[in-house]
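**Q** build the 3D model from these lines:
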Amino acid sequence: MNRKEIEEYKIEQDDANQRLDAFLSTVYPDISRSYLQKQIKNNTVLVNNKQAKPSQILKIDDIVSINFDVEKEININPENIPLDIRYEDDSMLVVNKPSGMLTHPTSVEKNGTLVNALLYYTQGKLSDCNGKLRPGIVHRLDRNTSGLLMIAKTNEAYECLKHQMQDKLTEKKYYAVVCGNINTDEGTINKNIGRHPSKPEKMAVTADGKPSVTHFKVLERFGSHTFLDITLETGRTHQIRVHMSYIKHPIVNDTMYGGGKLPVKTDEQVLQAYSLKFISPFDNKQKHIELEPDNDIIKTLNYLRNKK
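**A** Residues are numbered from 1 along each chain as shown. Got it, this is the predicted structure:
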């Protein structure tokens, strides 16, 4: 039986400067854009308690109120799923999310996500700044990208960590294996990223997108492929995947953005968030958490090294 969902979202930097209907597509990725546009026109979606249009551009600190019937009741249950916790204090924790796990539920996939596991582990003591579907979530990783995520237990910690990201006081580094031989030892990709004009599930380099900067260094070359160390200056949705595809070096096995397949079984794109630097809101000290390469990275590198 359907029920009415009332949600409020405060627009952060990552979600600013995009259309209202595009933002709603990220909140409800399983619901069609046309249905969401209809709800906006029916005034069941408001911005700062005022009527809005689907094309309205959102600004930082806007409040989006969502009040319409979703197809299925959203009830997020705590689940006893093992967590790989790499850092924890009274205000936050850092977890190593495995590849294949959603960061947070959607209105279709409500179980088996990182949030379900976090609700169980913390007994529900998570920041609620990011809405009902994303308690504690400060930033996201794609389902098939593994690696480090900061989780806020308190609203104060959430705001502190978000401001650090906005002020570029955090550092996020990734391992990636990409297609083709990158000739330069290092480089920077500075291209705006926005929603794909015809495929809303994808992102793309667009003139009117958000400023997006990706730095990379070559760690190893295989002729047909390159192993990279990547540092993000910004944190847009699918940023590394879009930027690498744009320069014609898509990530191995990234079927959404054109990455070629290798005869190595991996969970889609060979991409790992392996290093994270931040200042803990608890003691105001800098922390540096780092991971060894995960199984997908190791298997892919071993295959390529054996081909040399």
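
**Q** quick one: the strands in the stretch 51-200 of the chain?
**A** 63-69, 85-88, 92-97, 146-152, 171-179, 186-190, 193-195 (DSSP state E, counting those that start in this stretch).

**Q** isn't residue 209 up against residue 197?
**A** No. Using C-beta atoms under 8 Å, residue 209 makes no contact with residue 197, being 10.6 Å away. Where C-beta positions appear, they are placed from N, C-alpha and C, glycine not excepted.

**Q** rewinding a little: can you redo the strands of the stretch 51-200 of the chain as CSV with mean pLDDT, distance to residue 51 and mean neighbour count?
**A** Below are the strands of the stretch 51-200 of the chain laid out as CSV (pLDDT from 0 to 100; distance: least, C-beta to C-beta, whole Å; neighbours: other C-beta atoms under 10 Å):
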stretch, mean pLDDT, distance to residue 51, mean neighbour count
strand 63-69, 83, 11, 16
strand 85-88, 98, 44, 15
strand 92-97, 98, 37, 22
strand 146-152, 97, 32, 25
strand 171-179, 97, 38, 23
strand 186-190, 97, 37, 14
strand 193-195, 86, 23, 22
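
**Q** ok, residue 209 and residue 197, which is more surrounded?
**A** Ranked by neighbour count (other C-beta atoms under 10 Å), residue 209 and residue 197 place residue 209 first, with 18 against 9.

**Q** contacting residues for the more buried one?
**A** For residue 209, the contacting residues are 192-195, 236, by C-beta atoms under 8 Å, 6 or more residues apart in numbering.

**Q** if you set the cut-off to 6 Å instead, what comes out?
**A** Contact analysis of residue 209 by C-beta atoms under 6 Å, 6 or more residues apart in numbering lists 192-194.

**Q** residue 21 too?
**A** Contacts of residue 21 (C-beta under 6 Å, 6+ apart): 33, 36-37, 54.

**Q** quick one: which of these is nearest residue 7?
**A** Checking the contacts of residue 21 against residue 7 by C-beta to C-beta gives residue 36 as the nearest, at 13.0 Å.

**Q** is that closest one in a helix, a strand, or coil?
**A** Residue 36 falls in the helix class when you classify it by DSSP: H, G, I helix; E, B strand; the rest coil.

**Q** confidence-wise, which of the contacts of residue 21 comes last?
**A** Among those, residue 33 has the lowest pLDDT, at 78.

**Q** how close does it sit to residue 174?
**A** Going from residue 33 to residue 174 by C-beta to C-beta, to the nearest Å gives 30 Å.

**Q** go on, residue 65?
**A** Applying C-beta to C-beta to residue 65 and residue 174 gives a distance of 35 Å.

**Q** could you do residue 34 as well?
**A** Taking C-beta to C-beta as the measure, residue 34 falls 35 Å from residue 174.

**Q** outline the domain layout of this protein.
**A** 4-69, 85-166, 171-307 (automatic domain parsing).

**Q** who wins on neighbours among the contacts of residue 21?
**A** Using other C-beta under 10 Å as the neighbour criterion, residue 36 leads the contacts of residue 21 with 24 neighbours.

**Q** just to revisit the earlier point, and which of the contacts of residue 21 is nearest residue 215?
**A** For the contacts of residue 21, the nearest to residue 215 is residue 33 (33.1 Å; C-beta to C-beta).

**Q** surely the closest one meets residue 198?
**A** No. Residue 33 is beyond contact range of residue 198, at 11.1 Å (criterion: C-beta atoms under 6 Å).
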